[in-house]
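Next comes the sequence, and after it the predicted model I'd like to discuss.
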Amino acid sequence: MRLTNEQKQNFKKQGFLIFKGFFSPAEMVKLSAFLDRLRDTKAEEGKEAKYYEKSPLTGEPILVRVENLFGGLNPAEEALLITERAKTILADLLGEPATLFKEKVNYKVPGCRPDKLHQDQAAGWNAYSDFFITMGIMVDANHKGNAALSFMCSGNYKKELMGPEWQVLTHDDPPYKPEDEYVLIEGGPGDVIFFDSYVPHGSPSNASSEARRNVFLTFNRASDGDMRMRYYHDKWKNYAPNKVEDARANSSYRV
Ligand SMILES: O=C(O)CCC(=O)C(=O)O
């Protein structure tokens, strides 16, 4: 089903659009089992890229994210998530068909560091295109206690970098204002948020005993080309995946 003009206008102003129950409980059970398998398999060259960090809360090494899930590695899961409905919504929001740019799962397990307030575009994405849309899929319930994300909800942001590249936003970066400009996005498994690469967002550390796993699929306009492998080759040069025994300090993560 196509988006209404109101949905498109809301996305344009606010930078995000939420769909409750986009995926069924049964689909999320399948995805959850896949994420568990992925967590438990050994990292291998040419396979999914795993990133381990030392928890700032416990000092233990934890799996914080896995990238490069698709591109032929897990076709069933790719088909499960990149549905015709998702493609139609993305095309309506981009104004043309979407091409997958990158995909990852943030495990955000107990003890995981904060993802400080940032714009995704600041993570070096200008080298590839000036606009992306990410589809964020909640695999576990996201709530205040287990580090749900907050998004700027006022529409008071610019579709440009509001601070230097590779840096998180600070309270001094205009137009950052505290709580009243941000909304906590709580939801259940299968809820989806589409958001643009400029809307400021972030989440605190997970001090609870519950994991908060979300999958993030990022797309560019098809007319910008298929840049996925170029992005990953660049990323692995600058920020290589690692093994549990080489877990990095959590401060190694920039944006
Ligand atoms: O999973 C999170 O809380 C942060 C997601 C995010 O903004 C990112 O990974 O860029």
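All right, it came through fine.

State the phi and psi torsions of residue 33.
For residue 33, the backbone dihedrals are phi -60, psi -40 (criterion: degrees, to the nearest 10).

actually residue 45, sorry about that
With angles defined as degrees, to the nearest 10, residue 45 sits at phi -60, psi 140.

For residue 5, report the pLDDT, please.
Residue 5 carries a pLDDT value of 97.

With residue 173 instead?
Turning to residue 173, the model gives it a pLDDT of 55.

ok, now residue 45?
For residue 45, the predicted pLDDT is 85.

Against the ligand, how distant is it?
With distances defined as CB to the nearest ligand atom, to the nearest Å, the gap from residue 45 to the ligand amounts to 24 Å. Any C-beta I mention is one placed from the backbone N, CA and C, and that applies to glycine too.

Starting from the helix or strand harbouring residue 193, tell me which strands it pairs with and how they run.
In the assignment (DSSP states H and E), residue 193 maps to strand 192-196. Under the criterion DSSP bridges, strand 192-196 sits next to strand 16-19 (antiparallel), strand 132-138 (antiparallel) in its sheet.

Report all helices and strands that the next helix or strand after it contacts.
The first helix or strand that comes after strand 192-196 along the chain, using DSSP H and E, is strand 201-203. Contacts defined by 3 or more CB pairs under 8 Å, 6 or more residues apart in numbering; DSSP states H and E place strand 201-203 against strand 115-118, strand 150-152.

closest to the ligand out of these?
For those, distance to the ligand was read as CB to the nearest ligand atom. The smallest value, 3.5 Å, belongs to strand 115-118.

Going by neighbour count, list what's buried in the closest one.
By neighbour count, with 16 or more other CB atoms under 10 Å as the criterion, the buried positions of strand 115-118 are 115, 117-118.

just checking: which of those residues also lie near the ligand?
Restricting the buried residues of strand 115-118 to those near the ligand by CB under 6 Å from any ligand atom leaves residue 115.

follow-up on the earlier one: does any bit of the strand holding residue 193 sit next to the ligand?
No. Remark: strand 192-196 sits outside contact range of the ligand, by CB under 6 Å from any ligand atom, the gap being at least 8.9 Å.
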